[in-house]
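# Below are the sequence and a predicted model for it; my questions follow.
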Amino acid sequence: MCESSMAEITVEDAAHGYVEMLHRLGVDYVFSSPGSEFIPLWEHLARYNSEGKKPFYLNIRHESAALSMAKGYYMASGRAQVLLTHVLAGLLHGAMELKAAYTDQIPLLLMVGQNRTHDGEVYGGTPGPPYLSFTEVGGQQRLVQPYVKWGASPETNANILATIQRAYQIASSEVKGPVLLSVSRELLFEKTDTMRLPPKYVLPTPITAEPKVLHELKEMLVKAENPLIYTRYLGRSHGAVASLVELAELLSVPVFETPGYMNFPTNHRLHMGTSVSPYLKEADLLLVIDSSSWPPWYPPGSIRGSTEAKIVFMDIDPIQLKYPTYGYPADLLVKADSGVAIPQLVELVKAEKLGEPMVQARGERWAAEHKRIRDELEKKALAVKDETPIDPRWLSYCIDQVIDENTVIVNETITHGSMIHQYIERNRVVPGTRYESTGPVAHTGLGQGMGIALGVKLADPDKTVVALEGDGTFNYNPVLACLGASQEHGIPFMTVIYNNGCYAAMKGHARYYPEGHSVTRDQYYGVSCGPTPHYAKLVEAYDGYSETVEDPKEVKPSLLRALKQVREGTLTLLDVRLRQ
Ligand SMILES: Cc1ncc(C[n+]2csc(CCOP(=O)(O)OP(=O)(O)O)c2C)c(N)n1
């Protein structure tokens, strides 16, 4: 390949140029569920990969698994990911995960095939009748229009490399999110010798607040007697974690979180767990950083009845443009990237003369509270350690005991979620060691956890990755595709199923119909997830290691055996049978 002075590259054909462009963008992997329109790309990917050149082609057996893997890879690496999925059918199979990526601000470049001809007009054009049914009047992109930041359906290869780069640039810029390129067979198979190369892109600078706004926030923080900080996804910027620690320590402000990412070291004396509500009444400032998509109270207006605290949101999108209704009250909305704004805030606070005795007394009070919360949780877990069926508290406590600080927890449980956040907290101290699968930013739907775990492990091969699943969420996952991807690509991860044999979260009948048919007949439709199959056997089919755990005494030993296996490179699953 040579680059002429006119910024053109010589290529074997158009698809060669597409692959070269992805290579130049620094893309590591192309996550892909096959469709025959991609044959031209496979041709060149095979050559690049056999020469050790990126992007590596990653065959994945279901689009939803491919999208979740790409999401996990982004969450661990911070870089936008590229996918290929089959025309229409593939797009629809991955549609929920695409919507999830949109909500969770995950930058993905999704390339979907399409066809524009149907009568042998063009070399490589539509190969047969099935492709006719994959055409959509108005173009397939309209099917997922609300869930992509940007989309294009290129008409020509004349500027296609610029379009690919632009799509990647748009996905990667704030607010990040998925973009869609519908690339036609006619363009993919096109013969050409040269292609025009765009000038290399740059990203816009990060969003941060005006100095006077940060000054106002600093004033509020230093004057507050009882400030609280709450976050959900600050930790997606690893650097922001250390800055938040610095800010919290300077002022002895407690930090609460529902961890979509690892946000704040859980063993820190100012880490106060997940529940902010017991402290709201006495608070005079509540600073919600990176959680405006899911603030820590509900309904939105109820906060004004429970506290007189001033409410400040800091977020790239503090009014959540994607929601038709919202309604969370605020005194100050700081539109900023916390990874940039918090270090600025730290510098402003450092320049202040702080009331040292007050800050110290506050620090001691919260350190004592941190210890009290932990002691109480431990006592509660030990109290149920011998219960049969196994108590989920005991399982969560044991997981916390056996993992090390470099083990990554990918949580996709529902009613056990808050317990997991409370208990798995002894050593969540390294940024990038926990992720929420149903949505690090907001709830986005079940079935993503195993793919995310695979993507995280692929991006971070030295870490041990543990996916926590409910038996319900496990069923929503593309399990076979995920186990297959693990086996095919050598990506070992461990799954622990919190198996309570039902969809406990669905049992809301009595709340709405206290004397209704369900209650009186003891017949709760929507709750059953049984008879419980031998989930452990699924993993055997992929040469993995698995156990079914029913004895509370076996919880810790079985976790240790499974961790040993997965660390030695074996796909692993524990099906832990819990009380309902
Ligand atoms: C794709 C999708 N389908 C259905 C739901 C509705 N839903 C939310 S929680 C849940 C049950 C999950 O069951 P399980 O994982 O066993 O957790 P449990 O409720 O027992 O704690 C269901 C069906 C959803 N959120 N997403």
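Right, received. Where do you want to start? Fair warning: this is a prediction, and the values are worked out from it, not measured in the lab.

# What parts of this structure come near the ligand?
Proximity of the chain to the ligand, by CB under 6 Å from any ligand atom, involves residues 414-416, 445-447, 470-473, 476, 500, 502-506, 529. For glycine as for every other residue, the C-beta is placed from the backbone atoms N, C-alpha and C.

# Tell me, what's the model's pLDDT at the single nearest residue of the stretch 151-300 of the chain relative to the ligand?
Distances between the stretch 151-300 of the chain and the ligand by CB to the nearest ligand atom are smallest at residue 294, namely 14.4 Å. Looking at residue 294, its pLDDT stands at 95.

# ok, and the closest non-adjacent residue to it?
residue 442 (5.0 Å; CB to CB, 6 or more residues apart in numbering).

# Count the neighbours of that neighbour for me.
21 (other CB atoms under 10 Å).

# now swap in residue 212 and tell me
Neighbour number of residue 212 under other CB under 10 Å is 8.

# Strands of the stretch 451-580 of the chain, start to end?
In the stretch 451-580 of the chain, the strands defined using DSSP state E, counting those that start in this stretch lie at 464-470, 494-499, 545-549, 572-577.

# Export those strands to a markdown table and append columns for mean neighbour count and mean pLDDT.
As requested, those are exported to a markdown table (neighbours: other CB atoms under 10 Å; pLDDT from 0 to 100):
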| stretch | mean neighbour count | mean pLDDT |
| --- | --- | --- |
| strand 464-470 | 28 | 98 |
| strand 494-499 | 28 | 98 |
| strand 545-549 | 21 | 98 |
| strand 572-577 | 26 | 98 |
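
# can you put those in CSV and add distance to residue 558?
Shown next, in CSV, are the strands of the stretch 451-580 of the chain (distance: least, CB to CB, whole Å):
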stretch, distance to residue 558
strand 464-470, 13
strand 494-499, 10
strand 545-549, 5
strand 572-577, 6
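
# So for residue 252, which of those sits nearest?
strand 464-470 (32.6 Å; CB to CB).

# And the residue of the stretch 1-150 of the chain closest to the ligand?
Nearest residue of the stretch 1-150 of the chain to the ligand (CB to the nearest ligand atom) works out as residue 96 at 6.0 Å.

# Contacts only, for residue 378.
Applying CB atoms under 8 Å, 6 or more residues apart in numbering, we find residue 378 in contact with residue 397.

# Am I right that it falls within a helix?
Yes. Per DSSP: H, G, I helix; E, B strand; the rest coil, residue 378 lies within a helix segment.

# residues making contact with the helix or strand of the chain with the lowest mean pLDDT?
Within the chain, no helix or strand scores below helix 303-306, which has a mean of 91 by mean pLDDT, DSSP states H and E. With contact meaning CB under 8 Å, 6+ apart, helix 303-306 is reached by 277, 280-281, 286, 295, 297, 311, 328-329.

# Mind listing what's buried along it?
Burial within helix 303-306, assessed by neighbour count using 16 or more other CB atoms under 10 Å, is assigned to residue 303.

# For the most centrally placed residue in the chain, which three-state class applies?
Nearest to the geometric centre of the chain sits residue 440, at 4.8 Å (CA atoms, centre = their mean). Here residue 440 is recorded as coil under three-state DSSP.

# And it, how close does it get to the ligand?
The spacing between residue 440 and the ligand, counted by CB to the nearest ligand atom, to the nearest Å, is 15 Å.

# now residue 437
Distance check for residue 437 against the ligand: by CB to the nearest ligand atom, it reads 11 Å.

# wait, what's in contact with that residue?
Neighbouring residues of residue 437 by CB under 8 Å, 6+ apart: 68, 410-412, 448-449, 452-453, 467, 473.

# top of the residues you listed by neighbour count?
residue 452 (36 neighbours).

# what's the average pLDDT for stretch 228-245?
What stretch 228-245 shows for mean pLDDT is 97.

# Can you mark which positions in that stretch are buried?
Buried-residue list, stretch 228-245, by 16+ other CB under 10 Å: 228-237, 240-241, 243-245.

# For that stretch, measure first residue to last.
End-to-end distance for stretch 228-245: 13 Å, by CA to CA, to the nearest Å.

# That one: how far from the chain's middle?
Mean-position distance between stretch 228-245 and its chain equals 16 Å (CA atoms, centre = their mean, to the nearest Å).

# Equivalent analysis for stretch 335-348, please.
The answer for stretch 335-348 is 23 Å, by CA atoms, centre = their mean.

# Contacts for that stretch, please.
For stretch 335-348, contacts defined as CB under 8 Å, 6+ apart pick out 174, 206-209, 214-215, 217-218, 221, 231, 234, 237, 239-240, 243-244, 246-247, 250, 289-290, 314-318, 334.

# where along the stretch 51-200 of the chain do the helices fall?
With helices called from DSSP state H, counting those that start in this stretch, the stretch 51-200 of the chain shows them at 63-77, 89-93, 95-103, 160-172, 185-188.

# Mind giving me the packing neighbours of the shortest one?
Other helices and strands packing on helix 185-188, by 3 or more CB pairs under 8 Å, 6 or more residues apart in numbering; DSSP states H and E, are helix 14-24, strand 108-114.

# Tell me which other helices or strands the first one touches.
Packed against helix 14-24 by the contact rule (3+ CB pairs under 8 Å, 6+ apart) you find helix 39-50, helix 160-172, helix 185-188.

# Quick one: these as JSON lines, columns for mean pLDDT, distance to residue 377 and mean neighbour count too.
Below are these laid out as JSON lines (pLDDT from 0 to 100; distance: least, CB to CB, whole Å; neighbours: other CB atoms under 10 Å):
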{"stretch": "helix 39-50", "mean pLDDT": "98", "distance to residue 377": "48", "mean neighbour count": "17"}
{"stretch": "helix 160-172", "mean pLDDT": "98", "distance to residue 377": "40", "mean neighbour count": "22"}
{"stretch": "helix 185-188", "mean pLDDT": "94", "distance to residue 377": "56", "mean neighbour count": "23"}
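
# among those, which is nearest residue 459?
helix 160-172 (15.9 Å).

# just the angle between that closest one and helix 95-103, please?
70 degrees (axes from the mean of the first three to the mean of the last three CA atoms, to 10 degrees).

# Can you name the residues in contact with helix 160-172?
14, 17-18, 20-22, 25, 27, 79-80, 82, 107-109, 149-150, 152, 154, 177-179, 181, 183, 187, 195-198, 201, 203.

# burial of the residue lying closest to residue 204 once chain neighbours are set aside, as a residue count?
Among residues not flanking residue 204 along the chain, residue 173 sits closest, at 5.3 Å (CB to CB, 6+ apart). By other CB under 10 Å, the residues close to residue 173 number 19.
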